[in-house]
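S.K.: could you work out the structure for the sequence below:
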Amino acid sequence: MPASAISSFVRLLRRFRRNSDGATVVEFALVAPTFLALLFAILESALMFFASQVLETVAQDSARQIFTGQEQTKGLALNLQAADFASIVCSKVPALFDCTKISIDVESYPSFSSSINLALPIDNAGNFINNMQYNPGGPGDVVVVRLYYPWQQFVTGLGYNITNMSGNKRLLVATAAFQNEPYL
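M.R.: Sure, this is the predicted structure:
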């Protein structure tokens with residue numbers, strides 16, 4: 001190779017090394033995926049926690065119908081009471097949820113010292129176990145109202161996985177525990 005070609009190649013390399021016009025683009029390309037993954041994980045977590053709090057509010061507001069004895073004194077059969085309570089829950093649910101996916105479990109106990117099972121109804125394969133009951137109890141009974149909703153997660157493929165169900169879902173649970181008023 002002639003000396004002039006080598007010296008021009010060396011000059012080209014020096015000029016390329018001094019030129020930093022594309023450095024910002026390269027640095028952004030290196031940082032952007034991590035930044036966007038973190039941003040999406042934060043947004044998804046915030047939305048999930050917001051949905052969880054909304055579900056808690058729906059559970060508390062709906063459970064008041066049982067707490068005051070309004071559901072028990074309507075004179076409806078137990079299966080009609082369950083459908084009526086489900087319609088009360090659905091009337092309080094905002095557009096954030098699909099009401100057909102909400103599972104409602106209402107169980108009564110004689111006292112707070114009773115063995116109350118609060119385990120998640122999820123089997124080892126991550127499937128929801130739908131053994132929901134409707135037993136609003138009578139005056140003075142302890143009642144636990146629980147609402148379950150399978151919340152779809154989207155950012156799980158980026159290393160942020162807080163799912164506890166199959167299909168990239170997290171089971172949101174809202175619970176209201178109280179002692180029924182002495183209604184008559």
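S.K.: by contact count, what packs against the helix ranked longest in the chain?
M.R.: In the chain, taking DSSP state H as the definition, the longest helix is helix 23-67. On a contact count with 3 or more Cβ pairs under 8 Å, 6 or more residues apart in numbering; DSSP states H and E, helix 23-67 meets helix 78-92, strand 142-152, strand 169-179. Placement of C-beta: from N, CA and C, glycine included.
S.K.: give me the buried positions along the second one.
M.R.: To tie it back to what came earlier, the one meant is strand 142-152. By neighbour count on 16 or more other Cβ atoms under 10 Å, the buried set for strand 142-152 is 142, 143, 144, 145, 146, 147, 148, 149, 150, 151.
S.K.: cool, stretch 29-41 as well?
M.R.: Within stretch 29-41, the residues that count as buried by 16+ other Cβ under 10 Å are residue 41.
S.K.: pLDDT score for residue 56?
M.R.: For residue 56, the pLDDT comes out at 97.
S.K.: I'd say it and residue 174 touch.
M.R.: Yes - taking Cβ atoms under 8 Å as the definition, residue 56 is a contact partner of residue 174 at 4.4 Å.
S.K.: who has more neighbours out of these two?
M.R.: A direct count of neighbours by other Cβ atoms under 10 Å for residue 56 and residue 174 places residue 174 higher, at 21 against 16.
S.K.: who does that one bridge with?
M.R.: As for beta bridges, residue 174 partners with residue 147 under DSSP bridges.
S.K.: would you mind measuring from it to residue 60?
M.R.: Between residue 174 and residue 60 the computed distance is 8 Å (Cβ to Cβ, to the nearest Å).
S.K.: stretch 168-184 - what's its average pLDDT?
M.R.: Average pLDDT, stretch 168-184: 93.
S.K.: so how far is it off the chain centroid?
M.R.: 16 Å (Cα atoms, centre = their mean, to the nearest Å).
S.K.: how about it: buried residues?
M.R.: By neighbour count with 16+ other Cβ under 10 Å, stretch 168-184 contains the buried residues 169, 170, 171, 172, 173, 174, 175, 176, 178, 179, 180.
S.K.: ok, the fourth one touching residue 149?
M.R.: Yes - with contact defined as Cβ under 8 Å, residue 172 and residue 149 form a contacting pair (4.6 Å).
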